[in-house]
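A.B. asks: Model the following, please.
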Amino acid sequence: MKSVALLFLVVICGMGGFGQKLKPKKRSNGEEISFRTKAKDACTMSMSGDEEMKLRVECKNQGKSYWCEFTGKPSVCRPFRKNPKIYWNQIAMELRKLPHACEATQVLKATMCQKAPPDAEMKQIAGGVEPEDTANQEKSSVSTKGVGKSSVKKMGKPPVLPLIKPAQHAQGPANETEAMKLAREHCWESLHGFCSYIIGIFRG
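C.D. replies: This is a model prediction of the structure:
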């Protein structure tokens, strides 16, 4: 009976150890880690992949943004397989010490994988800079050009004003006016015209 109980205990312990070996590996796909560089750039790093991992770093500061991508096989490092979160936190710590997360280094290696093969290193494969104000500057320049053209079209030639000739006042003979006055004073009303004519002849 004692031998049967001992054998049963050994089987149970073996099954427990086998169950531990079948536990899934800890993954870090889709996770993001935020940090700031030495130059106060606000950065975010995201990880994807399985055996061959890709690390993408995106940073922004003072109206500009830049990015870079790293690739490697950190799974060849045994400590990484045990706890990948610590590995990526160590990578973020290395990037925090740099003034520029993408230009200052081409290779990233965590402290926990210093003795790992070179394949465990994350090597930079791409990068770029994307100014955020470019689109706004293009819109403002287009609007300025449109205003200039419309203002030129609306401003036509000034209208030509016609020349106004000075009025010519009729000038009658002075003696005719005096003749009419004398005719009114000394002649009947029905003979004013005849009298003024005669008086004008004598005065002319």
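A.B. asks: show me where pLDDT drops low in this protein?
C.D. replies: 1-30, 132-176, 204 (pLDDT under 70).
A.B. asks: For it, which segments count as strands?
C.D. replies: Taking DSSP state E, the strands of the chain run over residues 32-36, 42-49, 53-61, 64-72, 107-108, 122-131.
A.B. asks: Can you list the strands that the second one pairs with?
C.D. replies: When pairs are called by DSSP bridges, strand 42-49 turns out to pair with strand 32-36 (antiparallel), strand 53-61 (antiparallel).
A.B. asks: Could you identify which of these is most buried?
C.D. replies: strand 53-61 (a mean of 19; mean count of other C-beta atoms under 10 Å). Bear in mind the C-beta positions are built from the backbone N, C-alpha and C, glycine included.
A.B. asks: thought residue 186 was touching residue 196?
C.D. replies: No. The criterion here is C-beta atoms under 8 Å, and residue 186 misses it with residue 196 at 10.4 Å.
A.B. asks: neighbour-wise, which of these two wins?
C.D. replies: residue 196 (21 against 11; other C-beta atoms under 10 Å).
A.B. asks: And that one, how far from residue 190?
C.D. replies: 13 Å (C-beta to C-beta, to the nearest Å).
A.B. asks: Report the buried residues of stretch 104-119.
C.D. replies: Neighbour counts using 16 or more other C-beta atoms under 10 Å place 105, 108-110, 112-113, 116 of stretch 104-119 among the buried residues.
A.B. asks: try stretch 71-90
C.D. replies: For stretch 71-90, a neighbour-count test (16+ other C-beta under 10 Å) marks 71-75, 77, 79-80, 84, 87-88, 90 as buried.
A.B. asks: which outside residues touch that stretch?
C.D. replies: Under the contact criterion C-beta atoms under 8 Å, 6 or more residues apart in numbering, stretch 71-90 has outside partners 25-28, 31, 33, 45, 47, 49-55, 108, 110-113, 116-117, 119-123, 125.
A.B. asks: can you give me the end-to-end distance of it?
C.D. replies: 16 Å (C-alpha to C-alpha, to the nearest Å).
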